[in-house]
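# Take this sequence and fold it.
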Amino acid sequence: MGNVTQTPTRTLEAGSAGSAPPDSGTGKTRTGRNLAGHRWIGRPSEAFTPGALNERLIGSIRSWRDYPPSLRLWFWLIPAITAALGGVLRFVRLDTPRKLVFDETYYVKDAYSFLVSGYERSWPEKANDSFTAGNPGVLLDTPEYVVHPPVGKWMIAAGMWVFGPDNPFGWRFGAALTGTLSIFLLALIAQKLFRSLTLGAVAGVLLAVDGHHLVMSRTSLLDIFLMFWLLAAFGALLMDRDDGRRRLAERLGRQAAASATARPSPLQLAAGPWLGIRWWRLAAGVCLGLAVGTKWSGLFFLAVFGLLTVFWDLSARRIAGVHGWISGGILRDGIGAFLTIVPVAALVYAATWTGWFRSRDAYYRHWAEANPSAEWGWLPNAVRSLAHYHLEAYKFHQGLSSEHPYEASAWSWLVLGRPTSFFYESPKQGSPGCDTASCTTAILSVGNPLIWWSAAIALGILLFWWAGRRDWRAGAILAGVAAGYLPWFMYPERTTFFFYAVSFEPFLVLALAYCLGLVLGRRTDPPWRRRSGLYLVMLFVVAAVLLSAFFYPVWTAEIISYQDWRLRMWMPSWI
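Model (predicted):
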């Protein structure tokens with residue numbers, strides 16, 4: 001019979017994340033676990049045409065243009081609607097409370113310092129009172145030692161540059177805009193990952209109404225910016241996955257067309273073709289550099305995402321019929337992936353320190369001049385000084401073990417064991433908004449319990465679909481969660497907080513959307529099954545929205561009675 005290739009005959013369900021186990025990333029649905037339902041190709045000429053290769057590698061829907069004309073508008077409209085919903089929740093009353101809350105005391109003032117001098121400067125005692133009163137000009141001339149890179153603070157500074165540094169709206173605009181854009185981005189990613197407009201809408205809505213993401217979007221801490229650049233990098237790698245497979249199909253098909261046997265030669269199939277410069281992967285490198293330039297924890301995502309994109313390429317070459325798909329993939333794709341991600345991210349990261357390089361008196365700026373080195377003296381003084389800065393910052397992070405009332409072990413994050421209280425006050429009766437004997441206004445970074453607890457269960461289901469059914473989408477989502485979550489278990493003595501989890505929260509939402517896709521069912525299922533699945537998914541989303549409405553006052557510092565506040569403290573550890 002010669003060389004044969006099997007081609008599945010049914011397309012992936014456009015409305016379901018887990019409609020059937022895909023063929024190692026082909027995006028096609030198998031109809032049986034053995035050979036039943038497969039159409040076998042006995043003529044090699046049919047296996048290496050561009051159309052057949054594209055069908056095996058990508059599937060029938062390769063971009064938004066492949067949707068029917070009636071659905072193309074919705075491909076962009078659904079993410080826009082979910083982002084608009086999230087934007088309303090994030091921008092309304094953004095200036096409340098009218099004071100620096102929690103770690104805003106560091107990052108907002110650092111951002112203002114960036115606007116003035118391009119690097120962090122010190123502040124006098126009681127600087128918060130002056131800043132809150134609209135008088136940030138009390139900034140001192142001496143440099144300040146900080147342990148986080150500049151990108152997130154520059155993004156906060158951008159909002160202050162537009163709306164002024166003398167009001168809370170300007171302080172928090174950058175965070176609110178970034179959180180809103182991340183909702184739009186997640187909905188697009190979900191649509192592409194699951195090839196479902198319904199699940200794209202579900203993912204966007206769930207992220208829009210979740211309290212943890214909402215609080216982080218309304219507070220100028222660095223983690224919301226870290227999350228955004230990591231999510232953007234993941235989206236770019238998804239685009240690169242399809243782009244690389246499209247190039248592989250095109251080039252193998254071209255080689256087959258030029259051959260008398262209508263298939264690439266054995267030498268050409270030994271490793272497969274080189275696919276050229278992968279621009280989307282280059283964009284991912286830029287985003288990862290900006291993520292690391294926000295917080296160093298982005299380094300774990302850089303490593304995991306780099307391996308993930310190489311594994312995708314190895315799988316593509318195997319499916320396409322390349323004999324030496326491991327060695328060929330490593331040589332043709334792996335080296336290129338490293339060069340387009342790691343050096344690019346490093347260059348972008350170095351560029352984020354431009355303000356420090358251009359300064360004359362930033363912290364440690366002239367350390368190398370005062371500490372000559374025979375071993376490292378060949379390096380420019382500025383580079384050696386920055387390296388020393390990073391070494392000292394690393395030592396600080398390693399030794400960060402001081403007790404804090406809201407520290408939370410990573411073990412407790414998924415179950416909302418100890419959310420961080422950003423703000424709490426007890427207004428007196430008769431003050432604006434307080435008509436009862438005891439009132440409370442608070443900001444608690446607790447997530448929507450229905451979303452978070454369901455997502456924790458969903459991770460176990462995804463483990464089965466990845467390990468047992470070899471679904472690449474489940475593996476990709478789990479990789480995002482693992483990169484943001486597992487590294488914190490390596491530092492059990494370090495002081496950690498629940499709000500760190502926002503870096504991988506979008507992947508938790510994707511995991512939940514994946515499982516809701518299983519509930520939704522396949523398009524080939526009977527109508528009653530599809531209707532039942534849709535009703536259950538709608539019921540879950542509506543319940544999540546209603547629960548978010550219940551918790552909304554303790555996410556946004558609304559003034560409520562003390563009894564109403566206690567009613568929302570479901571666990572003693574939330575207080």
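
# Identify the residues contacting Leu331.
The neighbours of Leu331, taking C-beta atoms under 8 Å, 6 or more residues apart in numbering as the test, are Ala271. Every C-beta, even on glycine, is put in place using the N, C-alpha and C of the backbone.

# which ones are touching the closest residue to Trp64 other than its chain neighbours?
Once flanking residues are discounted, Trp64 sits nearest to Phe75: 4.3 Å by C-beta to C-beta, 6 or more residues apart in numbering. Contacts for Phe75 (C-beta under 8 Å, 6+ apart) come out as Trp64, Tyr67, Gln191, Leu197.

# distance of Phe75 from Gly200?
Counting by C-beta to C-beta, to the nearest Å, the gap from Phe75 to Gly200 is 8 Å.

# next one: Pro380
48 Å.

# Compare the two (neighbour count), which wins?
The neighbour comparison of Pro380 against Gly200 (other C-beta atoms under 10 Å) goes to Gly200, with 25 against 10.

# Tell me the confidence at that one?
pLDDT for Gly200: 96.

# Verify the contact between it and Leu77 for me.
No - between Gly200 and Leu77 there is no contact under C-beta atoms under 8 Å: 10.5 Å.

# who's in contact with Ala337?
Neighbours of Ala337 in contact, by C-beta under 8 Å, 6+ apart: Arg278, Arg281, Gly306, Thr309, Val310, Asp313.

# what about it, which helix or strand?
helix 335-351 (DSSP states H and E).

# which of the residues in that helix are buried?
Gly336, Ala337, Thr340, Ile341, Val342, Val344, Ala345, Val348, Tyr349 (16 or more other C-beta atoms under 10 Å).

# Tell me where this structure is predicted with low confidence.
Across the chain, the ranges flagged by pLDDT under 70 are 1-45, 61-62.

# Where do the strands of it begin and end?
5-7, 10-11, 28-29, 39-41, 421-425, 439-444, 559-561 (DSSP state E).

# Gly118 contacts Ser359, doesn't it?
Yes - with contact defined as C-beta under 8 Å, Gly118 and Ser359 form a contacting pair (5.9 Å).

# How many neighbouring residues does the residue lying closest to Ser409 once chain neighbours are set aside have?
Excluding its sequence neighbours, the residue lying closest to Ser409 (C-beta to C-beta, 6+ apart) is Thr496, at 6.8 Å. Neighbourhood size, Thr496 [other C-beta under 10 Å]: 21.

# Next one: Thr496 from Ala455, what distance?
When C-beta to C-beta is applied, the distance between Thr496 and Ala455 equals 19 Å.

# With Trp296 instead?
For Trp296 relative to Ala455 (C-beta to C-beta), the value is 26 Å.

# quick one: which of those two has more around it?
It is Ala455, of Trp296 and Ala455, that has more neighbours when counted by other C-beta under 10 Å, with 25 against 18.

# That one reaches Val509, doesn't it?
Yes - between Ala455 and Val509 there is a contact at 6.8 Å, judged by C-beta under 8 Å.

# about what we covered before: if we take the buried residues of helix 335-351, which one ends up nearest to Ser426?
Of all these, Tyr349 has the smallest distance to Ser426: 43.9 Å, by C-beta to C-beta.

# Name all residues that make contact with the closest one.
Going by C-beta under 8 Å, 6+ apart, Tyr349 touches Pro149, Gly289, Val292, Gly293.

# Could you rerun that using 10 Å?
Residues near Tyr349 by C-beta atoms under 10 Å, 6 or more residues apart in numbering: 149-151, 288-294, 296, 298-299, 302.

# Check the residues you listed and tell me the two furthest apart.
The most widely separated members of these, counting by C-beta to C-beta, are Pro150 and Leu302 (17.7 Å).

# State the distance from the nearest residue to Leu188 once chain neighbours are set aside to Glu369.
Distance criterion C-beta to C-beta, 6+ apart; nearest residue to Leu188, sequence neighbours excluded, is Pro79 at 5.0 Å. Per C-beta to C-beta, Pro79 is found 51 Å from Glu369.

# related to what we said a few turns ago, filter the contacts of Phe75 down to the buried ones.
Tyr67, Gln191, Leu197.

# Just the residues you listed: which are in helices?
Members of the buried ones among the contacts of Phe75 lying in helices (criterion: DSSP state H): Gln191, Leu197.

# List just the nearest of the buried ones among the contacts of Phe75 to Phe423.
Using C-beta to C-beta, Gln191 comes nearest to Phe423 of the buried ones among the contacts of Phe75, at 35.7 Å.

# Give me the nearest residue to the closest one, chain neighbours excluded.
Gly200 (3.4 Å).

# need the contact list for that neighbour.
Contact partners of Gly200, counting by C-beta under 10 Å, 6+ apart, are 74-75, 78-79, 82, 186-194, 513.

# and which of these is nearest Gly521?
For those, the nearest to Gly521 is Phe194 (13.0 Å; C-beta to C-beta).

# Isn't that closest one up against Ala513?
Yes - counting by C-beta atoms under 10 Å, Phe194 touches Ala513, with 6.9 Å between them.

# Any chance you could list residues touching both of the two?
In contact with both Phe194 and Ala513: Ala17, Gly200, Val202, Ala203, Leu520, using C-beta under 10 Å, 6+ apart.

# how about those in TSV, adding distance to Pro527?
Below are the shared contacts of Phe194 and Ala513 laid out as TSV (distance: C-beta to C-beta, whole Å):
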residue	distance to Pro527
Ala17	20
Gly200	23
Val202	21
Ala203	25
Leu520	13
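
# Number of residues surrounding Gln429?
Neighbour count for Gln429, taken as other C-beta under 10 Å: 10.

# Relative to Ser561, how far out is it?
Gln429 is 10 Å from Ser561, by C-beta to C-beta.

# Now do the shared contacts for those two.
Here Gln429 and Ser561 have Asp435, Thr436, Ala437, Ser438, Cys439 as joint contacts, going by C-beta under 10 Å, 6+ apart.

# from those, which single one is nearest Gly355?
Using C-beta to C-beta, those come closest to Gly355 at Cys439, 43.3 Å.

# Contacts only, for the nearest residue to the closest one once chain neighbours are set aside.
Distance criterion C-beta to C-beta, 6+ apart; nearest residue to Cys439, sequence neighbours excluded, is Pro427 at 4.6 Å. By C-beta under 10 Å, 6+ apart, Pro427 lies in contact with Gly433, Cys434, Thr436, Ser438, Cys439, Thr440, Thr441, Ile559.

# Now tabulate the residues you listed in JSON lines and tack on distance to Gly417.
Listed next are those as JSON lines, based on distance: C-beta to C-beta, whole Å:
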{"residue": "Gly433", "distance to Gly417": "31"}
{"residue": "Cys434", "distance to Gly417": "31"}
{"residue": "Thr436", "distance to Gly417": "30"}
{"residue": "Ser438", "distance to Gly417": "27"}
{"residue": "Cys439", "distance to Gly417": "27"}
{"residue": "Thr440", "distance to Gly417": "22"}
{"residue": "Thr441", "distance to Gly417": "24"}
{"residue": "Ile559", "distance to Gly417": "27"}
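
# any idea how far Thr178 is from the residue nearest to the spatial centre of the chain?
Nearest to the mean C-alpha position of the chain, by C-alpha atoms, centre = their mean, lies Leu231 at 2.8 Å. Applying C-beta to C-beta, the value for Leu231 to Thr178 is 10 Å.

# Same check on Arg56?
38 Å.

# try Pro427
Pro427 sits 30 Å away from Thr178, going by C-beta to C-beta.

# do Phe422 as well
Distance of Phe422 to Thr178, computed by C-beta to C-beta: 17 Å.

# Count the residues that sit near Trp171.
Trp171: 31 surrounding residues under other C-beta under 10 Å.

# now the one 3 residues further on
Other residues near Gly174 come to 25 when the count uses other C-beta under 10 Å.

# Alright, calling it a day.
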